[in-house]
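Asks: no sequence on this one, just coordinates:
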């Protein structure tokens, strides 16, 4: 296992694709999750809330794909000990999944960005825009589409470059396996910038039923997210990101996915057409 790549969040939106992409290239991918697949010889138990799982997961690992614990308003106290353990065990290359909305040094993922850059010789930080999977997966956005034929945000007409998790994962695989470090602070987007009203029109066309965008205040969105099961602190953080979209901060398109992977990033229309059945029914 001396040449393994540890993939945290291995069953998640990007992690599952990263594991598959590594194995397609004949790299050993250690699929880390709280409930590892017993049929997968390279799967390993891993829990961000249990420091005892860190060292065994890192045994023989040369590179790590880091996905911070989902739903944590402040993931730093959980992630810092893991990164320090990885550095102490000689890991050189780390690829962190962050966000286009979080710059280096900002609270949460921005602080982890700092740690990765400071602790490792070959750091890469992926900062993708909002996931297309939010329209079809286990997410409040998808739930309101299925239940009420609505997309509820606090973004107004603000635009953003929705991206497919598979394109993020393809970029991560390149960064994890390239002979020379990819490095850098990489902002990833899909091929176009769209508002949620425009996205609702695309959803309507693919679904064959009208889906409308409902614009609410930041406070109202936070309330709805809390009602959907998120903590009040995490809900407030997510709602504040919508406010930043409203101001135009996330209205950008980059060529990073194509530049690094050679693949054309997936459009929202193409993605939704491939997941039309999940627009209409629960995942």
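Replies: Nice, thanks for sending it over. Here the structure is a predicted model, which means the values were calculated and not measured. Residues are numbered from 1 along each chain as shown.
Asks: give me the domain ranges for the chain.
Replies: Following automatic domain parsing, the chain resolves into domains at 4-128, 130-163+190-250+266-283.
Asks: which of the ones you listed sits closest to residue 169?
Replies: Relative to residue 169, the nearest member of those by CB to CB is domain 4-128, separated by 3.3 Å. For the C-beta atoms, the positions are set from N, CA and C on the backbone; glycine is no exception.
Asks: so can I have a markdown table of the domains of the chain showing mean pLDDT and distance to residue 171?
Replies: Shown next, in a markdown table, are the domains of the chain (pLDDT from 0 to 100; distance: least, CB to CB, whole Å):
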| stretch | mean pLDDT | distance to residue 171 |
| --- | --- | --- |
| domain 4-128 | 95 | 6 |
| domain 130-163+190-250+266-283 | 93 | 10 |
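Asks: of those, which is nearest residue 260?
Replies: The nearest among the domains of the chain, by CB to CB, is domain 4-128 at 9.7 Å.
Asks: show me how far that closest one is from its chain's centre.
Replies: In this view, domain 4-128 has its centroid 12 Å away from the chain centroid, taken as CA atoms, centre = their mean, to the nearest Å.
Asks: if we can go back for a sec, closest to residue 170 out of the domains of the chain?
Replies: Among these, domain 4-128 comes nearest to residue 170, with 6.3 Å by CB to CB.
Asks: span of that closest one from start to end?
Replies: Counting by CA to CA, to the nearest Å, you get 25 Å between the two ends of domain 4-128.
Asks: please begin residue numbering at 36 from this point
Replies: Got it, first residue is 36 now, which makes that one domain 39-163.
Asks: the stretch 136-285 of the chain: helices as residue ranges?
Replies: 144-154, 175-183, 200-212, 231-242, 253-262, 267-281 (DSSP state H, counting those that start in this stretch).
Asks: in stretch 277-296, which residues are buried?
Replies: For stretch 277-296, a neighbour-count test (16 or more other CB atoms under 10 Å) marks 277, 278, 279, 280, 281, 285, 288, 289, 291, 292, 295, 296 as buried.
Asks: go on, stretch 203-219?
Replies: In terms of neighbour count (16+ other CB under 10 Å), stretch 203-219 has its buried residues at 203, 204, 205, 206, 207, 208, 209, 210, 211, 212, 217.
Asks: that older thread, mind putting the buried residues of stretch 277-296 into CSV with distance to residue 61?
Replies: Formatted as CSV, the buried residues of stretch 277-296 follow (distance: CB to CB, whole Å):
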residue, distance to residue 61
277, 42
278, 45
279, 41
280, 40
281, 46
285, 37
288, 33
289, 30
291, 25
292, 23
295, 20
296, 18
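Asks: which pair of those residues spans the longest distance?
Replies: Farthest pair in the buried residues of stretch 277-296 (CB to CB) is 278 and 296. Separation: 31.8 Å.
Asks: just the strands in the stretch 36-185 of the chain please.
Replies: Using DSSP state E, counting those that start in this stretch, the strands found in the stretch 36-185 of the chain span residues 39-42, 64-68, 78-80, 96-102, 128-132, 157-163, 185-188.
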